[in-house]
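Asker: fold the following and give me the result.
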Amino acid sequence: MPYLYTMEDVVLFDGVCNLCNSSVQFIIRHDTKGHFKFSALQSEAGQALLGKFGMDLRKFDSIVLYSNGKYYTNSGAALRIARRLSGLWPLLFYIFYPVPYFIRDAVYLFISRNRYRWFGKQESCMIPTPELRARFL
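Answerer: Okay, the predicted model is just below:
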């Protein structure tokens, strides 16, 4: 499967979550170098990567960052993504990464557990525009 060996970092996200889809759009706007590729956790590529990591194929409550052969979840993934964005967003990494992960992840998981209630969800995964198609696995 060629998408498992991409040189770019891959962001796996809940494809039906409105907050997650908005986050992907935000990353795309601020990833001026086109560093990240994307895949919905529910997609064939997303499921293959989750399987490669030995993660639960039915669990979609965290963003997952696949980078340099390793995967990161929850706040660790979000902060590593912020570190690669343009503007002042990398400061989030340097401000919040020193905070113990169990505190960062507790906040992340609280938002994650309530994301459908607060932001809603779609019936199907986001379909990228033709211009963005190359950035999706």
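
Asker: what segments of this structure are strands?
Answerer: Listed in chain order, the strands of the chain (DSSP state E) span 9-13, 36-40, 64-67, 70-73.

Asker: just the ones you listed: most buried one?
Answerer: The highest mean neighbour count among the strands of the chain, using mean count of other C-beta atoms under 10 Å, belongs to strand 9-13: a mean of 24. The way it works is simple: take the backbone N, C-alpha and C, and place the C-beta from them, glycine included.

Asker: what mean pLDDT does it get?
Answerer: For strand 9-13, mean pLDDT is 94.

Asker: what angle do it and strand 36-40 make?
Answerer: 30 degrees (axes from the mean of the first three to the mean of the last three C-alpha atoms, to 10 degrees).

Asker: so what strands line up beside strand 9-13?
Answerer: strand 36-40 (parallel), strand 64-67 (antiparallel) (DSSP bridges).

Asker: distance from the shortest one to the middle of the chain?
Answerer: Same thing as strand 64-67. 7 Å (C-alpha atoms, centre = their mean, to the nearest Å).

Asker: would a markdown table of the strands of the chain with distance to residue 28 be doable?
Answerer: Shown next, in a markdown table, are these (distance: least, C-beta to C-beta, whole Å):
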| stretch | distance to residue 28 |
| --- | --- |
| strand 9-13 | 10 |
| strand 36-40 | 8 |
| strand 64-67 | 15 |
| strand 70-73 | 19 |
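
Asker: show the end-to-end separation of stretch 10-27, please.
Answerer: 12 Å (C-alpha to C-alpha, to the nearest Å).
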